[in-house]
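Engineer: fold the stuff below for me.
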Amino acid sequence: MTRSENVIGFFIVFFLLVIIGILSYFLFFQKTLDDEKLYQKIKVSYEVADYPLCLDLVTHMIVEYPESKFLNKSLIYAADLLYIRKDFDGSRNYVQKVVTSKNVTVEEFVDGVIVLGKILREVEKYDPVTVDYLENAYLKADAGKKTELAAFLGYAYLYKGDFQTSIKFFKNSVGEDAILGPAAVYIAQGIYSDAIQEYENYFSYYAHGKNQAEVVEKFHKQAYYYATVLKDSKMLDRALTYFYKVVNTFPGNSYADKALYEIADIYYKTKNQPNAIYIIDKILDNSNPECDPAAMFLKGQIWYELDRKTDAFKVFQDLSDHYPETAYGKRAGEWLDVIAKEFQYN
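Structural biologist: You can find the predicted model right below:
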């Protein structure tokens, strides 16, 4: 073979290699670039809460790039947004694809299971399959995600009724769940004083926590309920303490007027009429009329027992005029008849 033929042969081989390289780029490398770009779009659409676009892009990833290394991460975004939209079955289906994938990494497995933990906490129901995944992920996760998984396991065992195991996991969690989880356990056990203390701890540590409104409502509900239990058990001093917690912690809540009435009633029962009248006037001075009939009736009784029958008559008259159809209004009419007769005889 002549020198010129060798040169020609070299250029032919070189040219073929270039062609093969170009084809390989478009067939393989460019495809990798395309699925990475698609993944970045999925990530951004999720972060800006454009959920319909995100789901469409994930569907495109599943169809066009079923072997992509970005597929599992994309499925996790889809699962989480479906959880946010409360499509729990759809969310679980995406997570199942992730955790059973032959190419799943530890990080992807843990992130997928975290979504299952969110669902379990939301539905408040023990699920042994989810718990198996949670415990597996808990063993594999790094320190940061382990604390999040601990909270989910705490809730899981709470829903199962295994309070000891639940508390154990909550002790290994951090953040708001480290307080709210034990509070839920104490309520389930009927240990209301400890639950209320946990809520007060929450207000101290998380003055602007993401669960603030929900915790405030639970605090007032549990404090009011526990106070009524104490009152019914004749533990009146302790009952006063918890009724005052309802009134003074975030004033103006939906339980405040009812708590004020119970406070007035305790003062009445313990013969502390001046304090009872003071509390009743606070009830009648605010804009919430819910407890007004009961408060007016109690005030009328107190004035009568203090032999201030003219004042009692006026209160019962106002009660009868303003709330005639209520049980207290009807009873006020009976008291008016009694007092009127006493006036006649005097």
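
Engineer: do you know how far Gln96 is from Tyr133?
Structural biologist: Between Gln96 and Tyr133 the distance, using C-beta to C-beta, to the nearest Å, works out to 10 Å. Just so you know, the C-beta spots here come from the backbone N, C-alpha and C atoms, and that holds for glycine as well.

Engineer: more neighbours: these two, which one.
Structural biologist: The neighbour comparison of Gln96 against Tyr133 (other C-beta atoms under 10 Å) goes to Tyr133, with 24 against 16.

Engineer: my guess is that one contacts Ile114, does it?
Structural biologist: No. Using C-beta atoms under 8 Å, Tyr133 makes no contact with Ile114, being 9.9 Å away.

Engineer: backbone torsions only: list them for Pro289.
Structural biologist: Pro289 has phi and psi values of phi -90, psi 0 when expressed as degrees, to the nearest 10.

Engineer: ok, now how distant is it from Asp80?
Structural biologist: Pro289 is 46 Å from Asp80, where distance means C-beta to C-beta.

Engineer: Lys97 sits in which helix or strand?
Structural biologist: Using DSSP states H and E, Lys97 sits in helix 88-99.

Engineer: how about that helix as CSV, C-alpha atoms only?
Structural biologist: Coordinates of the C-alpha atoms in helix 88-99 are reproduced here as CSV (Å, rounded to 0.1, in the frame of the first residue of the first chain):
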residue,chain,number,x,y,z
PHE,A,88,-52.8,10.1,49.2
ASP,A,89,-53.3,7.1,47.0
GLY,A,90,-51.6,8.8,44.1
SER,A,91,-48.8,9.8,46.3
ARG,A,92,-48.3,6.3,47.6
ASN,A,93,-48.2,4.9,44.1
TYR,A,94,-45.3,7.2,43.1
VAL,A,95,-43.4,6.4,46.3
GLN,A,96,-43.9,2.7,45.7
LYS,A,97,-42.2,3.1,42.3
VAL,A,98,-39.3,4.7,44.1
VAL,A,99,-38.7,2.4,47.0
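
Engineer: what residues does it touch?
Structural biologist: Residues outside helix 88-99 that contact it (C-beta atoms under 8 Å, 6 or more residues apart in numbering) are 72, 75-76, 78-80, 82-83, 104, 108-109, 111-113, 115-116, 119, 122-123, 133.

Engineer: let's see it at 7 Å
Structural biologist: Outside helix 88-99, the residues within contact range by C-beta atoms under 7 Å, 6 or more residues apart in numbering are 72, 75-76, 78-79, 82-83, 104, 108-109, 112-113, 115-116, 119, 123, 133.

Engineer: would you show me how to pick out the buried ones of these in ChimeraX?
Structural biologist: The following ChimeraX command selects only the buried members of the contacts of helix 88-99, with burial defined by 16 or more other C-beta atoms under 10 Å:
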select :72,75,76,78,79,82,83,104,108,109,112,113,115,116,119,133
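
Engineer: now intersect the contacts of helix 88-99 with the strands, please.
Structural biologist: When DSSP state E defines the strands, the subset of the contacts of helix 88-99 inside them is empty.

Engineer: of the contacts of helix 88-99, which belong to helices?
Structural biologist: Among these, the members found in helices (DSSP state H) are 72, 75-76, 78-79, 82-83, 108-109, 112-113, 115-116, 119, 123, 133.

Engineer: where does the protein have its least confident helix or strand?
Structural biologist: Across the helices and strands of the chain, the lowest-confidence element by mean pLDDT, DSSP states H and E is helix 3-24, at a mean of 53.

Engineer: just to revisit the earlier point, so for Pro289 and Asp80, which sits in the more crowded spot?
Structural biologist: More neighbours sit around Asp80 than around the other of Pro289 and Asp80, counting by other C-beta under 10 Å; the figures are 21 against 13.

Engineer: I'd assumed Val115 was in contact with that one.
Structural biologist: Yes. When contacts are counted by C-beta atoms under 7 Å, Asp80 is listed as touching Val115 (5.3 Å).

Engineer: count of neighbours near Leu57?
Structural biologist: Residues within reach of Leu57, counting by other C-beta under 10 Å, total 23.

Engineer: so who does it touch?
Structural biologist: Under the criterion of C-beta under 7 Å, 6+ apart, the contact partners of Leu57 comprise Leu38, Lys41, Ile42, Ser45.

Engineer: hang on, the third one packs against Leu53?
Structural biologist: Yep, that's Ile42 we're talking about. No. Under the criterion of C-beta under 7 Å, Ile42 makes no contact with Leu53, lying 8.8 Å away.

Engineer: neighbour-wise, which of those two wins?
Structural biologist: Neighbour comparison, Ile42 and Leu53: the larger count goes to Ile42, with 24 against 15 (by other C-beta under 10 Å).

Engineer: mind telling me what element that one is part of?
Structural biologist: With DSSP H and E as criterion, Ile42 is part of helix 30-47.

Engineer: next, the angle from that helix to helix 71-84.
Structural biologist: 20 degrees (axes from the mean of the first three to the mean of the last three C-alpha atoms, to 10 degrees).

Engineer: and the helix or strand following helix 30-47, what's buried?
Structural biologist: The element immediately downstream of helix 30-47 (helix or strand, assigned by DSSP H and E) is helix 51-64. Within helix 51-64, the residues that count as buried by 16+ other C-beta under 10 Å are Tyr51, Cys54, Leu55, Leu57, Val58, Met61, Ile62.

Engineer: which residues of the chain score low on pLDDT?
Structural biologist: Low-confidence segments of the chain, defined by pLDDT under 70, span residues 1-33, 346.
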